[in-house]
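**Q** how would this look folded up:
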Amino acid sequence: MKEITATGHSVDEALQTALAQLQAKRDEVDIEVVDEGKKGFLGLFGARLSVVKVKVKVNPIKEAKQFIENVIRKMGIQVEVVTSEKDREVTFQLTGKDIALLIGKRGQTLNSLQYLAQLVFNRHTNQFTTIIIDAENYRSRRKETLEVLAGRLADKAIKTGKEVSLEPMPSFERKIIHATLIKNKKVKTFSTGEEPYRHLVITPKKP
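**A** Down below sits the predicted model:
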């Protein structure tokens, strides 16, 4: 965490000096006035400089973005990371070459990176925020795939009268399956197992 103590002929002057050295804006720092200073007699005798201690606030979004960029850089992949915020949801959209390597089989690499970025974000704030990492709109395509899959497997459960277990998937993907089938009165869904092998089960309702 960047922190600096600065002096000036006034508190504001000391603060501006600190902000310049930290290359930060006023709303990005915490300010502690150590000494308001004193002008002294005729501005000379007994004068005392103002002293402020300025500390840069930790921005969890910036920390998460930096983490994502560092991991991708170490993978030898060049991408652009664009951040967007909506309510309590932060999305990092990745674009560039070799995006398929970042997505991985059924989004496993992307999901792992998203999970780690969530941990980094949570380390710097107590406010619950959902972190989403997307690459070339993979998330929307995956959502459509899961919705189709949910319908097909629900029909199978109804036809056979037996439970149908899906492959392990992260909680946010299980929620898509559940939301898709919640209005289907012929089946119900539940999750079972321990992470990272927790999976969703579709079971037919008894007549």
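
**Q** switch to C-alpha atoms for all contacts and neighbour counts from now on
**A** Noted.

**Q** got the domain boundaries for this protein?
**A** 3-56, 60-136, 141-204 (automatic domain parsing).

**Q** Start and end of the first one, how far apart?
**A** What it means is domain 3-56. With Cα to Cα, to the nearest Å as the measure, domain 3-56 spans 6 Å from end to end.

**Q** do the last one as well
**A** Terminal residues of domain 141-204 lie 27 Å apart, using Cα to Cα.

**Q** quick check: mean pLDDT across it?
**A** Across domain 141-204, pLDDT averages out at 94.

**Q** Same question for the longest one.
**A** Predicted confidence along domain 60-136 averages 92 (mean pLDDT).

**Q** how far does it stretch from start to finish?
**A** 24 Å.

**Q** roughly how far is it from the heart of the chain?
**A** In terms of Cα atoms, centre = their mean, to the nearest Å, the centre of domain 60-136 is set 7 Å apart from its chain centre.

**Q** And the first one, by the same measure?
**A** Mean-position distance between domain 3-56 and its chain equals 35 Å (Cα atoms, centre = their mean).

**Q** Mean confidence (pLDDT) on that domain, please.
**A** On average, domain 3-56 scores 85.

**Q** so who does the residue lying closest to H199 once chain neighbours are set aside touch?
**A** Of all residues not flanking H199 in the chain, P168 sits nearest, at 4.3 Å (Cα to Cα, 6 or more residues apart in numbering). P168 makes contact with P196, Y197, R198, H199, L200 under the criterion Cα atoms under 8 Å, 6 or more residues apart in numbering.
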